[in-house]
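S.K.: predicted coordinates and the sequence they were generated for:
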Amino acid sequence: SAVEHRDERILVETRHHLITGALNLPRDGYRSRLTDYLNASERAFIPLTNAEIAPRDGSSEPVHKPFIVVSVSQVVFVCPADDTDDQA
C-alpha cells in the first residue's frame, strides 16, 4: 500500500534569509516527524514547496517560489511554522 503523506509548514532560518514553506512528510510512522527527517544523515537538502523567502535584514520584499531546496549546511534553525506565537 502507498504511504500517505502530509505537508508540514516549516520555518527555516539561514544566516541571511527566513524561509517558510511546506515540507512533505509521511503521515505517520518512520520519519513522520520533522526531527526524524532532519536527522537523516543522507539529507543534504530540504525540499520546500509554496515557499516564501525573506531577507533577515528586511532589505527587500519576500519572494514567493513554487519549489526550492535549501542546503542543510546553511540552516541555522528549523521549526514548525504553524504553531508560532508571534507576540510583540
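M.R.: Good, I have the coordinates. Fair warning: this is a prediction, and the values are worked out from it, not measured in the lab.
S.K.: could you use CA atoms for every contact and neighbour count after this?
M.R.: OK.
S.K.: from the rest of the structure, what touches stretch 22-32?
M.R.: Surrounding stretch 22-32, the residues in contact under the criterion CA atoms under 8 Å, 6 or more residues apart in numbering are 3-10, 33-34, 36-37, 46-51.
S.K.: in strands only, show me these.
M.R.: Counted as lying in strands by DSSP state E, out of the contacts of stretch 22-32, are His5, Arg6, Asp7, Glu8, Arg9, Ile10, Ile46, Pro47, Leu48, Thr49, Asn50, Ala51.
S.K.: out of those residues, which comes closest to His16?
M.R.: Distance to His16, by CA to CA, is smallest for Ala51 among the ones in strands among the contacts of stretch 22-32, at 15.6 Å.
S.K.: sec struct for Ser73, please.
M.R.: Under DSSP: H, G, I helix; E, B strand; the rest coil, Ser73 falls in the helix class.
S.K.: distance-wise, check the closest residue to it other than its chain neighbours relative to Pro26.
M.R.: Spatial nearest neighbour of Ser73, chain neighbours left out: Ala44 (7.4 Å); criterion: CA to CA, 6 or more residues apart in numbering. As for Ala44, its distance to Pro26 is 19 Å (criterion: CA to CA, to the nearest Å).
S.K.: more neighbours: which of these two?
M.R.: Taking neighbours as other CA atoms under 10 Å, Ala44 and Pro26 compare with Pro26 leading, 16 against 13.
S.K.: just the pLDDT for that one.
M.R.: Turning to Pro26, the model gives it a pLDDT of 87.
S.K.: gap between the residue nearest in space to the middle of the chain and Ser59?
M.R.: Nearest to the geometric centre of the chain sits Ile10, at 4.1 Å (CA atoms, centre = their mean). Applying CA to CA, the value for Ile10 to Ser59 is 22 Å.
S.K.: burial measure for the residue lying closest to Pro55 once chain neighbours are set aside, as a count.
M.R.: What sits nearest to Pro55 in space, not counting adjacent residues and going by CA to CA, 6+ apart, is His17, at 4.4 Å. If you count neighbours by other CA under 10 Å, His17 ends up with 19.
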